[in-house]
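1. with the sequence up front, the predicted model follows.
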Amino acid sequence: MARINHALSSAVLPTFYRLWLPSLVGLLALSTANIVDGLFIGNYVGATALASVNLIIPFFGILFGFTFMLTMGGAVRAGKYIGEGNHRAASAIFSKTLIAVIVLAALVTAMGLLFETALFRALGGTEAVFPLMQIYFRITLGFVWVQLLVVVMYFFVRIDGYPTLAAVALIIGSAINIGLDYLFIAYFQWGIAGAAWATGISQATPFLVLCSYFFFRHRHLHFHWRQSKWRELFSSAFNGLSEFVNEVSGSIIALLLNWLFMTRFGVEGVAAITVLNYLLVIGMMMVFSIGDAGGVFISQNFGARQLVRIRHFLLISALNALVIAAISIFLLLAYTEALVSAFLGKDEEVVIALTVELLRLVWPVFAVNGLTIIVTSYLTALHLPIPSSIIAISRGLVLPVLFLFGVFFLLPEQPFLIGIPIAELITFVMAMGLFFYYAPRPQLLDRIDPQRVAADDNLVSDGQGGQQTTRLLD
């Protein structure tokens, strides 16, 4: 018996929660694991070690940016194929993405080890932190292939209708990471090496869990080594350009912030921005999970031409994003010092005070970032990489750099971090304009997929288009 595809056939409201809640739990588990790393490093190793880890993060952010570009672009294309009933094409793009990421991991591992010292300098490291950076980098790089494959499997397993499996894999990995952090850092006192080993080993487990997908009888995606038409991989990756921009821009901004804070505040400043980032990640994952669910739902319903279902899903997504924003802002403002102090020892008064000050400057980003992320995911799901990337690069790179540098050099008496919420608010206005231009209505199909519309019109003229017409108007 064929399984039910809830994204295409079930009521929209329960389908939203069926897709969103597993994504929310899984991504929160993933981000919690990273945050717990920071808690153990900050409390048991020190602020310098915390800063050393933060200096390396941009490198992995850029690497994950390429992986997200390949994976998100391939996943939404696979979702469209599934909506059209073309499972062979969906399997082909799934296989090509896996193969490409394996090759990417091998190349990055070799290049990272070959140019290690130059890389550390480019990331803003100094001789004082090189030894700590080297320990963490070498151990983590040994596990990078499995970390990247987890990303691929997570998104494709979700797109094929198994969100619970994807979430369970991340939850198990997070739980193992927390346990190993305590064992390696707090109990064995392995320091920053313990954090790296805990992260690497814990990523192997979700990969194994996700591989159980290959034993499911009713899955739509099948892996094959022999592939042709590799150009499709690059065209689908272009559709995931906004995800690449988000990750790479985040890494560039992290490099910029590390430099600015190192210049003005020293190592304590880098440690403060690291703690701030941990707190922001939780809120970001909550709204990113809504966009993640939207990628599954919207791509398949776009393939099936069910526009009303897409409109209902977007409305539900926006309402939930606003609720999350309100809760996040309340918690950040009401419990600022308690949240910051959890990451640092009592003797780090300077870092704690600086982080509290920074957090009170950036909280407005939560007011609008959820809606902006939903619009970006919506445009990606509709195979509109250009407008999606315009939002991503404006939000993640151009506007933050412009305002951060502008305030830092032109208004040195002002806290330069206010450039981040200013950039977020401007991007939100831009995202709303693009959304209304590409709103889900029948005219949209003429604009973004005229060949498919012409094919549907031919079916209608031949007396075979009842189902297509019903889907378009339903």
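-> Sure, I can see it.

2. what helix or strand is the residue minimising distance to the centre of the chain on?
-> Centroid-nearest residue in the chain, with C-alpha atoms, centre = their mean: Phe288, separated by 6.6 Å. Using DSSP states H and E, Phe288 sits within helix 267-303.

3. how about low-confidence regions in the chain?
-> Within the chain, the set of residues satisfying pLDDT under 70 comprises 1-4, 30, 33-34, 239-251, 344-347, 445-474.

4. ok, 50 please
-> Counting by pLDDT under 50, the ranges of the chain that qualify are 1, 450-474.

5. where exactly do the strands run in it?
-> Counting by DSSP state E, the chain has no strands at all.

6. the residue nearest to the centre of the chain contacts Leu24, correct?
-> No - applying C-beta atoms under 8 Å, one finds Phe288 not in contact with Leu24, separated by 9.3 Å. For every residue, glycine as well, the C-beta is placed using N, CA and C.

7. and the helices in the stretch 1-150 of the chain?
-> Applying DSSP state H, counting those that start in this stretch to the stretch 1-150 of the chain gives helices spanning 6-9, 12-44, 47-84, 87-114, 116-122, 130-141, 144-159.

8. these into TSV, with extra columns for distance to Ile273 and mean neighbour count?
-> Converted to TSV, the helices of the stretch 1-150 of the chain look like this (distance: least, C-beta to C-beta, whole Å; neighbours: other C-beta atoms under 10 Å):
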stretch	distance to Ile273	mean neighbour count
helix 6-9	39	18
helix 12-44	12	21
helix 47-84	7	25
helix 87-114	24	18
helix 116-122	18	14
helix 130-141	17	20
helix 144-159	23	24
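
9. can you add distance to Val362 and give the ones you listed back as TSV?
-> Below are the helices of the stretch 1-150 of the chain laid out as TSV (distance: least, C-beta to C-beta, whole Å):
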stretch	distance to Val362
helix 6-9	35
helix 12-44	17
helix 47-84	16
helix 87-114	31
helix 116-122	26
helix 130-141	26
helix 144-159	27
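
10. to Arg231, which of those lies closest?
-> Nearest to Arg231 among the helices of the stretch 1-150 of the chain is helix 87-114 (10.1 Å), distances taken as C-beta to C-beta.

11. name the helices or strands packed onto that closest one?
-> Applying 3 or more C-beta pairs under 8 Å, 6 or more residues apart in numbering; DSSP states H and E, we find helix 87-114 packed against helix 47-84, helix 130-141, helix 144-159, helix 231-239.

12. between the longest one and helix 231-239, what angle do the directions make?
-> With axes from the mean of the first three to the mean of the last three C-alpha atoms, to 10 degrees as the criterion, the two stretches helix 47-84 and helix 231-239 enclose an angle of 120 degrees.

13. run the chain-centre distance for helix 47-84.
-> 6 Å (C-alpha atoms, centre = their mean, to the nearest Å).

14. with the shortest one instead?
-> Put simply, helix 231-239 sits 19 Å off its chain's centre (C-alpha atoms, centre = their mean).

15. which secondary structure elements does that helix contact?
-> Against helix 231-239 (3+ C-beta pairs under 8 Å, 6+ apart) you get helix 47-84, helix 87-114.

16. the inter-axis angle of the last one versus helix 130-141?
-> Orientation of helix 87-114 against helix 130-141 (the same axes, to 10 degrees) gives an angle of 150 degrees.

17. then the first one?
-> Here helix 47-84 points in a direction 30 degrees away from that of helix 130-141 (the same axes, to 10 degrees).

18. distance of Thr32 from Val275?
-> 15 Å (C-beta to C-beta, to the nearest Å).

19. which one, of the helices and strands packed on helix 87-114, ends up nearest to Ala367?
-> Across the helices and strands packed on helix 87-114, closest to Ala367 is helix 47-84 (C-beta to C-beta), at 24.6 Å.

20. pull out the buried residues from stretch 168-176.
-> Val168, Ala169, Leu170, Ile171, Ile172, Gly173, Ser174, Ile176 (16 or more other C-beta atoms under 10 Å).

21. next, count neighbours for Val275.
-> 30 (other C-beta atoms under 10 Å).

22. in contact with it, which residues?
-> By C-beta atoms under 8 Å, 6 or more residues apart in numbering, the contact set of Val275 is Gly38, Gly42, Leu50, Val340, Phe343, Leu344, Val351, Thr355.

23. Phe120 now?
-> Counting by C-beta under 8 Å, 6+ apart, Phe120 makes contact with Leu55, Phe130, Met133, Gln134, Phe137.

24. again, only using 6 Å
-> Phe120 is in contact with Phe130, Met133, counting by C-beta atoms under 6 Å, 6 or more residues apart in numbering.

25. now Ala29
-> Leu170, Ile171, Ser174.

26. follow-up on the earlier one: need the helices and strands packed on helix 231-239 in a markdown table with distance to Phe313, can you?
-> Putting the helices and strands packed on helix 231-239 into a markdown table (distance: least, C-beta to C-beta, whole Å) gives the following:
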| stretch | distance to Phe313 |
| --- | --- |
| helix 47-84 | 13 |
| helix 87-114 | 21 |
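
27. for Ser212, which non-adjacent residue is closest in space?
-> Among residues not flanking Ser212 along the chain, Leu165 sits closest, at 7.2 Å (C-beta to C-beta, 6 or more residues apart in numbering).

28. out of the helices and strands packed on helix 231-239, nearest to Leu183?
-> helix 47-84 (17.5 Å).

29. output the contacting helices and strands for the closest one.
-> With contacts taken as 3 or more C-beta pairs under 6 Å, 6 or more residues apart in numbering; DSSP states H and E, helix 47-84 sits against helix 12-44, helix 87-114, helix 130-141, helix 144-159, helix 231-239, helix 241-265, helix 267-303.

30. angle of the last one against helix 231-239?
-> Spelled out, that is helix 267-303. Using the same axes, to 10 degrees: helix 267-303 against helix 231-239 is 120 degrees.

31. cool, the first one as well?
-> Using the same axes, to 10 degrees, the interaxial angle of helix 12-44 with respect to helix 231-239 works out to 80 degrees.
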